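*Asks:* need a 3D model of the following:
(chains A and B)
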Protein chains: 2
Amino acid sequence: MAPRKWTVLSSERWNGTRIVGFRKDRVVSPRTGREHDVFVLESPAWVNVIPITADSQVVLVRQYRHGIRDVTLEIPGGVVEDGDTPEEAARRELREETGYEAESLVSLGYVQPNPAIQSNLCHTFVALRVRRTGDPSPDDMEDIEVVTRPLAQIPALIDRGEINHALIVAAFCRFFLRYRDEGLHEILTAV
Amino acid sequence: MAPRKWTVLSSERWNGTRIVGFRKDRVVSPRTGREHDVFVLESPAWVNVIPITADSQVVLVRQYRHGIRDVTLEIPGGVVEDGDTPEEAARRELREETGYEAESLVSLGYVQPNPAIQSNLCHTFVALRVRRTGDPSPDDMEDIEVVTRPLAQIPALIDRGEINHALIVAAFCRFFLRYRDEGLHEILTAV
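*Replies:* Next up, the predicted model:
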């Protein structure tokens, strides 16, 4: 029999930040009739963006990530602020974190960061023919180093685990699937 | 300048379940010297597994996911229990969620589910020549439908967003990268 939705009996919230908050729901399973507490991480939509220069370099960011208490290699990304479209948020995060701007953005759709315990989506874009137009303007808690790597090296960076953030790996997966039948020239000249 | 770690001034925990708990850290940024509260979702390691039959079918699970309050298409996975290795956890989740067992498991490494706000890792395996050896034995809150899809259709399912869980997309990305230079015969007969 196909899986069915749980019924929510009650709901309780904890304080959080603009970016994350926590909710506890008391639910009942239609399969067993039994009650359970389940936890949900609430957050606005997220966005990330694969910035590619005209000479096929990907603009990446190295930053300290407090969850794993280590520095990661990622693409730019962040929260879709109230009133922004995901594309506007992608352009803003690209500019703020790297100082680069794109000639055009192409949507690669979205993924669910973790549908079991998170309610939000993460939208992904590829930013084509990006150019450095200014200095990065990191927010208070950001501590970012901008680096570039050839697009052709990205699969090896993922395979070796140097790019290891699941949302970033998923973004590149979408990118490579979308463009798998096209050469790099077509990717870089697409509108 | 390379990004540096934040210093933790104090730490506070909320109740959670065996699978998720929440922590608030008061930290200071070495770049700005300013203090902030940051939230971390604490969890044991997770594992997921791509089960492939001898005739190139992938064994998938459809299940209700309370975060997005909808049914998803995923590979089997779950928590690495105390005392289990990731490989033991992968074999157990495969058996419990689908009733299938594997002739051999191959590690595809791990990803960080979200290094900004989560401390744990998600290990990924491919399970080769899986066969149905019994009935699934879902736990109390699981409500799972087992389905199979040809391996050759997986890229289209990801591209169209029918497989949309970031950790599952990341798992298949690792799989396709690892085996991109090998034919399907080599994948299925690898030990």
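*Asks:* surely A:Leu151 and A:Ile52 touch.
*Replies:* Yes. Counting by C-beta atoms under 8 Å, A:Leu151 touches A:Ile52, with 6.1 Å between them. (Each C-beta comes from the backbone N, C-alpha and C, glycine too.)
*Asks:* the more surrounded of those two?
*Replies:* Set A:Leu151 next to A:Ile52 and count neighbours by other C-beta atoms under 10 Å in any protein chain shown: A:Ile52 wins out with 23 against 20.
*Asks:* give me the neighbour count for A:Arg26.
*Replies:* 15.
*Asks:* swap in A:Arg95?
*Replies:* A:Arg95: 18 surrounding residues under other C-beta under 10 Å.
*Asks:* for A:Phe172, give me its contacts.
*Replies:* Contacts for A:Phe172 (C-beta atoms under 8 Å, 6 or more residues apart in numbering or on different chains) come out as A:Ile50, A:Ile154, A:Ile158, A:Ile163, B:Cys173.
*Asks:* which SS class is it?
*Replies:* helix (DSSP: H, G, I helix; E, B strand; the rest coil).
*Asks:* quick check: it vs B:Gly78, distance?
*Replies:* 25 Å (C-beta to C-beta, to the nearest Å).
*Asks:* show the contacting residues for the spatially most central residue of chain A.
*Replies:* When C-alpha atoms, centre = their mean is applied to chain A, the residue found nearest the centroid is A:Asn48 (3.9 Å). By C-beta under 8 Å, 6+ apart, the contact set of A:Asn48 is A:74-77, A:90, A:93, A:122-125, A:167-168, A:171.
*Asks:* who's the closest spatial neighbour of it, skipping the chain neighbours?
*Replies:* A:Gly77 (3.2 Å; C-beta to C-beta, 6 or more residues apart in numbering or on different chains).
*Asks:* how about the one you found, phi and psi?
*Replies:* phi -180, psi 170 (degrees, to the nearest 10).
*Asks:* isn't it right up against A:Glu96?
*Replies:* No. If you go by C-beta under 8 Å, A:Gly77 and A:Glu96 don't touch, sitting 10.8 Å apart.
*Asks:* of the two, who's got more company?
*Replies:* A:Gly77 (25 against 16).
*Asks:* next up, the contacts around that one.
*Replies:* By C-beta under 8 Å, 6+ apart, the contact set of A:Gly77 is A:Trp46, A:Val47, A:Asn48, A:Val49, A:Ala90, A:Glu93, A:Cys122, A:Leu167, A:Ile168.
*Asks:* relative to chain B, how far out is A:Val8?
*Replies:* For A:Val8, the distance to chain B equals 9 Å [C-beta to the nearest C-beta, to the nearest Å].
*Asks:* beta partners of that residue?
*Replies:* Under DSSP bridges, the beta-bridge partners of A:Val8 are A:Val27.
*Asks:* tally up the residues packed near it, please.
*Replies:* A:Val8 has 13 neighbours, counted by other C-beta under 10 Å.
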